[in-house]
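K.L.:
coordinates for the following, if possible.
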Amino acid sequence: MTITLYELTGKDATRPFSPHCWKTAMSLAHKGLNYTGAAVPFTAVPEVEDGQGKTVPVIRDGERVISDSFDIALYLEETYPDRPSLFGGPGGIAMARFFEAWAQTQIHACIGGVLLLDIHAMLEPRDQAYFRESREARIGRSLEEAVAASQQRLDGLADRLEPMRPVLKRQPFLGGDGPLFSDYIVFGAFQWARVCSPTRLLADDDSVAAWFERCLDLHGGVGRATAAAA
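P.N.:
Prediction:
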């Protein structure tokens, strides 16, 4: 039975952009599980599976409905133990918890503000209105003001990524010789930016950029199949 992945999209239903949905797409591909993507605009998220999840990603696997990218990864690991592991054991789960917090506070916090207007431009008018109203209420300023104020944080991104570089000198992935869910957590942040915005985040000679290119090629190039923003 094919799994359904509900993933966030804009006007172009073939371009999912949520970093959290990308974690799940990569997890499903890692496990070698067939899935069908179901496009969900912002204003339709409350309708997914009768509101069983307040956000996407959500998956339906037979009779099971699971939300939250980390919970989905745990479910896939438990339900399909005969397929490649997403964590490599309990230590990998603990490591992924760290990377989840680190990505949110160190990477998302840097790049999220820069992407606001790019995301807004990707949406249908009804979703644009929802996105602007909800985000401006959350951040206490206009999208335009937030983008203008975010450049300084973006300038500090390279330094925040420094902990990755010594690791990537020793091994091709955060998970070692092959990727684990920790890789997909960080990948999701950069894929979010890649799909939404032409803004360059990394220098060509950065080892993190080389790692991201390797991730794009994983599992038959599932990440690269969605073209970068022009």
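K.L.:
now the strands for this structure?
P.N.:
With DSSP state E as the criterion, the chain has strands at 3-8, 35-40, 58-61, 64-67.
K.L.:
right, and those strands - which one's nearest L117?
P.N.:
Across the strands of the chain, the minimum distance to L117, taken as C-beta to C-beta, is reached by strand 3-8, at 17.0 Å. The way it works is simple: take the backbone N, C-alpha and C, and place the C-beta from them, glycine included.
K.L.:
angle of that closest one against strand 35-40?
P.N.:
Here the directions of strand 3-8 and strand 35-40 differ by 30 degrees (axes from the mean of the first three to the mean of the last three C-alpha atoms, to 10 degrees).
K.L.:
what pLDDT does V65 get?
P.N.:
Note for V65: predicted pLDDT of 97.
K.L.:
is it in a bridge, and if so with what?
P.N.:
When assigned by DSSP bridges, V65 has beta-bridge partners R60.
K.L.:
now it: how far from I93?
P.N.:
22 Å (C-beta to C-beta, to the nearest Å).
K.L.:
now do A210
P.N.:
Using C-beta to C-beta, one gets 27 Å for the distance from A210 to I93.
K.L.:
neighbour count: those two, which is higher?
P.N.:
Of the pair A210 and I93, I93 is the one with more neighbours under other C-beta atoms under 10 Å, namely 18 against 14.
K.L.:
and the lowest-mean-pLDDT helix or strand in the chain, what does it pack against?
P.N.:
Every helix and strand of the chain was ranked by mean pLDDT, DSSP states H and E. The lowest is helix 143-155, at a mean of 93. Secondary-structure packing of helix 143-155 (3 or more C-beta pairs under 8 Å, 6 or more residues apart in numbering; DSSP states H and E): helix 109-122, helix 125-139.
K.L.:
distance to Y80 added to the ones you listed, as JSON lines?
P.N.:
Formatted as JSON lines, those follow (distance: least, C-beta to C-beta, whole Å):
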{"stretch": "helix 109-122", "distance to Y80": "32"}
{"stretch": "helix 125-139", "distance to Y80": "34"}
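K.L.:
most neighbours per residue, which of these?
P.N.:
helix 109-122 (a mean of 20; mean count of other C-beta atoms under 10 Å).
K.L.:
picking up where we left off before, need the strands of the chain in TSV (columns: mean neighbour count and distance to L116).
P.N.:
Formatted as TSV, those follow (neighbours: other C-beta atoms under 10 Å; distance: least, C-beta to C-beta, whole Å):
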stretch	mean neighbour count	distance to L116
strand 3-8	22	15
strand 35-40	17	20
strand 58-61	23	24
strand 64-67	17	24
